[in-house]
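>>> Quick one, fold the following:
(chains A and B)
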There are 2 protein chains.
Amino acid sequence: MPTGSPALFTDLYELTMAASYHARGLDEPATFDLFFRKLPEQRRFLVSCGLEQCLDYLENLSFDERALSYLGTLDLFDDSFLDRLRELRFTGEVWAIPEGEAVFETEPVIRVTAPLIEAQLVETYLLNCLSHQTMVASKAARVALACGTHDFVDFSARRVQGSDAALLGSRASHVSGASATSLVLAGQVFGIPVSGTMAHSYVMRFRREADAYRAFARDVPERAVLVIDTYDTVEGARRVVEVAAELATEGVRVQGVRLDSGDLGQLAHQVRSVLDEGGLSGVRIVASGDLDEHRIASLVESGAPIDSFGVGTRMGASTDAPSLNAVYKLVEDADGPKLKLSPDKATLPGRKQVHRAHGEAGVEGDLIALHDEEVVGGEPLLDRVLVDGARTWPSPSLGAVRRRCRETLGALPERLRALGPEEFEPFPVGISEGLQDLLARIGQDPHH
Amino acid sequence: MPTGSPALFTDLYELTMAASYHARGLDEPATFDLFFRKLPEQRRFLVSCGLEQCLDYLENLSFDERALSYLGTLDLFDDSFLDRLRELRFTGEVWAIPEGEAVFETEPVIRVTAPLIEAQLVETYLLNCLSHQTMVASKAARVALACGTHDFVDFSARRVQGSDAALLGSRASHVSGASATSLVLAGQVFGIPVSGTMAHSYVMRFRREADAYRAFARDVPERAVLVIDTYDTVEGARRVVEVAAELATEGVRVQGVRLDSGDLGQLAHQVRSVLDEGGLSGVRIVASGDLDEHRIASLVESGAPIDSFGVGTRMGASTDAPSLNAVYKLVEDADGPKLKLSPDKATLPGRKQVHRAHGEAGVEGDLIALHDEEVVGGEPLLDRVLVDGARTWPSPSLGAVRRRCRETLGALPERLRALGPEEFEPFPVGISEGLQDLLARIGQDPHH
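From the prediction side, this is the model:
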């Protein structure tokens, strides 16, 4: 595939609007909020994720000559604007809720203040990047809650929406608790542990299933997790017992078996018995195949002896809520705070901060306030992460983001940690007095 | 983001299996089928898309030193295998159903024959790439059917799953009929027409809505499509009429208006009246906002005077069917045809061809046959597209793929072109006598 210019990852209207702002000298600083308008019905909280790549993008934004030359072919932009783009860098300030933190609807997760042209152009990428990873991290957090103390691994690369959906999805599910990923690239790029078992095709390559097990365990002893449902799962377990004895004499230990079809709960019990009776009580059972948090919760609750879950498409593509309603809205410009009144699409004006109240039992509620407003109690969630277009300090490690996520999940009220679908009382997100006053004032005269 | 090595876009087990094959000299040619096991309930056909990027990947596959060095850190692979990877190129043969063609469940869409190690390693990328674009093209084809003679444009970049989901999704929706995309990068990379209107933030930047319209139409006259729902849609239309008269004296013509919220059908009628009464019968109405094929069909059927639809997340993320059950299965190796018997996951053995029967009213049914089997009537769908790892001829242009898609949609039986959700008789996909004989023969002794 021909590669393009990263700066052209933007909607055309960002550029036509920017051209108009440029022509009119309307390039004073403006502030935009990126927030989730509404949580999907199937989610009780979101886990913020993707900020790291957003900051990478902002720090590196620039239009190369190929981009400018392509834009020239559109006959929409004059040389003065193309010259502005040639020298354009992101020079603004960004406040954001750190990755791994629980976030709720209407709260600004990223707040961008920059010359209007810069702030406008970055909309498309920021929305895409933050909403994708937040979507996956939020789904994976539910999988983590369902797994409890059980381990789960990301198997989603093959059926998610494109290659960076897979790569960044691995990162997002790792943030929310996946211990490893099957995607080797995610190991190389992010240092996430990589994990894998064996495919049915390997078993099929050999004349006898037992031959395949013997061969794989000898050749890759560290990863000798044998898939046993190619022909018949319980028979497969018996074959594992046969070969394990033989392999033991060579000092090779079978690590685990994988079930990938059929009634996983029932089969896990049968397989566990076969393995235990064969003296293989140390061999782990891995289950996979169209798993999601509900199926895992039901397996865990039923006491199925499964040690680890391989979770693929339903987590990586967040199939029950495959998009988030992320928006990026102008809230303040040279003329002061701004708001939009479209039906069901109104916005909160002004530069804002989110304050989270902690009680003895965990977090109790959030308050959206004006940036400078004094709020008693409550931890401010938005940190200043970029100043003059550069990071204020090194980003937290992926390990630190994972810890933050574990802590934030642990502090959520029990009703939000439940998987649903029954009704629940949403997490309270209030609006401060200062913000209410502002709303009342400019809501009467939005064109002020 | 640190960039990784493209060859590491693979699941770890592909590499551990390959290492074992290498150690045992099991690298004779094998054949794998990529197919969709089952159509999602919400789909009556799929549109094959993504082959072009799969072929690019296969032609360029190679492990760079960074990849090998990373793999070395895993302590799983010996030097002999890493040396094999260092020199590895894809040298096999590929047959595939061309892009833009309707495909159905269980039919091989890509058939790979290559030395076993090569054929195995490419699984993850081929599945990811073909299933993503096929998913979007299949959804966009339904949007195209709903639109009929109306125009639609891809607006999905900001909320799909990552940046190449956006780029390749634009390509896939263009294949199925989108006239343009908002994503500038897709214009640069694929030559897809780019299109855009104006955002609410632009309107909000000005003191008065009319000032914003005046400014934008003057600065970007070619793209003067004005968003009119920032404060009140019908009022917005009246303002457009006001400024249009003034602009006309300067030779500037307003191209269109965009509705993005509220009851689009009702508002379109009201806005059309306002525009017509204001002498702006040539100004087009563009509608956007959570549109999908069902909402568009209902707007079109109700006679809403909408000229063009901007379709975003629901199309680009295929939200009602956000993944396809694509699989990649060993069907033949050095020992002959192979099959897998797992419950609900059985496969069809042997190298195969798909024959499509055409009747007077369009296509009537498909027959999956053995590759060399003689089939009377019916057009063979799988073409040989790669020989010795290189394309047999230049790929069709995107325009040619679009034409093929239009033709294939036009030839589908009416019941498959309907959007549902009511019951329908699925497209018949039969299994030839030769394939049935083979199944019967080796199904009795799968370990043959």
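>>> What separation is there between residue A:385 and residue A:56?
Residue A:385 sits 12 Å away from residue A:56, taking Cβ to Cβ, to the nearest Å as the criterion. To be clear about C-beta, it is placed using only N, CA and C from the backbone, and glycine gets the same treatment.
>>> ok, now residue A:241?
50 Å.
>>> now do residue A:200
Counting by Cβ to Cβ, the gap from residue A:200 to residue A:56 is 38 Å.
>>> for stretch A:381-400, the distance to its chain's centre please.
Centroid separation between stretch A:381-400 and its chain, computed with Cα atoms, centre = their mean, to the nearest Å, is 18 Å.
>>> What mean pLDDT does it get?
Stretch A:381-400 shows a mean pLDDT of 96.
>>> How about it, which residues are buried there?
Using 16 or more other Cβ atoms under 10 Å in any protein chain shown as the test for burial, stretch A:381-400 gives A:381, A:382, A:385, A:386, A:389, A:396, A:398.
>>> what do you get for stretch A:268-278?
Quick answer for stretch A:268-278 (16+ other Cβ under 10 Å): A:268, A:269, A:271, A:272, A:274, A:275, A:278.
>>> Confirm that the second one sits in a strand.
No. Remark: residue A:269 does not belong to a strand; assigned using DSSP: H, G, I helix; E, B strand; the rest coil, it is helix.
>>> The residue nearest the centre of chain A sits in which helix or strand?
The residue lying closest to the centre of chain A (Cα atoms, centre = their mean) is residue A:133, at 2.7 Å. When elements are assigned from DSSP states H and E, residue A:133 belongs to helix A:123-147.
>>> now check that helix, is it near chain B?
Yes. Counting by Cβ under 8 Å from any Cβ of the partner chain, contacts between helix A:123-147 and chain B involve A:123, A:124, A:125, A:127, A:128, A:129, A:131, A:132, A:135.
>>> For residue A:315, give its distance to residue A:290.
11 Å.
>>> Pick out whichever of the two has more residues nearby.
Taking other Cβ atoms under 10 Å in any protein chain shown, residue A:315 and residue A:290 do not tie; residue A:315 has more neighbours (28 against 14).
>>> Any stretches of chain A with poor pLDDT?
Within chain A, the stretches with pLDDT under 70 are A:1-2, A:342-345, A:444-448.
>>> what's around residue A:80, how many residues?
Other residues within reach of residue A:80, judged by other Cβ under 10 Å, total 10.
>>> Likewise for residue A:360?
Residue A:360, neighbours per other Cβ under 10 Å, totals 5.
>>> Can you name the residues that contact the residue lying closest to residue A:290 once chain neighbours are set aside?
Nearest residue to residue A:290, sequence neighbours excluded (Cβ to Cβ, 6 or more residues apart in numbering or on different chains): residue A:314, at 6.5 Å. Contact partners of residue A:314, counting by Cβ atoms under 8 Å, 6 or more residues apart in numbering or on different chains, are A:139, A:290, A:291, A:292, A:320, B:323.
>>> before we move on, which element is residue A:314 in?
Using DSSP H and E, residue A:314 falls in helix A:313-316.
>>> go on, residue A:424?
Judged by DSSP H and E, residue A:424 forms part of no helix or strand.
>>> got a list of what it touches?
A:44, A:415, A:416, A:418.
>>> Now the buried members of those.
Buried members of the contacts of residue A:424, counted by 16+ other Cβ under 10 Å: A:44, A:416.
>>> need the contacts of residue A:424 in CSV with distance to residue A:300 and secondary structure, can you?
Below are those laid out as CSV (distance: Cβ to Cβ, whole Å; DSSP: H, G, I helix; E, B strand; the rest coil):
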residue, distance to residue A:300, secondary structure
A:44, 19, coil
A:415, 19, helix
A:416, 19, helix
A:418, 14, coil
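>>> out of the contacts of residue A:424, who's nearest chain B?
residue A:44 (19.7 Å; Cβ to the nearest Cβ).
>>> Could you check how far the residue nearest to that closest one when sequence neighbours are not counted is from residue A:274?
Counting by Cβ to Cβ, 6+ apart, residue A:44 lies nearest to residue A:416, which is 4.3 Å off, once chain neighbours are set aside. For residue A:416, the distance to residue A:274 equals 40 Å [Cβ to Cβ].
>>> Check for me that residue A:318 belongs to a helix.
No. Read with three-state DSSP, residue A:318 is coil and lies in no helix.
>>> mind listing the helices in the stretch 251-400 of chain A by residue range?
A:264-277, A:293-301, A:313-316, A:398-411 (DSSP state H, counting those that start in this stretch).
>>> Report the residue ranges of every domain in chain A.
Using automatic domain parsing, the domain parsing of chain A gives A:6-136+A:331-443, A:146-316.
>>> which one of those is the most hemmed in?
domain A:146-316 (a mean of 22; mean count of other Cβ atoms under 10 Å in any protein chain shown).
>>> which element is residue A:188 on?
Assigned by DSSP H and E, residue A:188 belongs to helix A:184-190.
>>> pretty sure residue A:151 is touching residue A:179, no?
Yes. Applying Cβ atoms under 8 Å, one finds residue A:151 in contact with residue A:179, separated by 5.1 Å.
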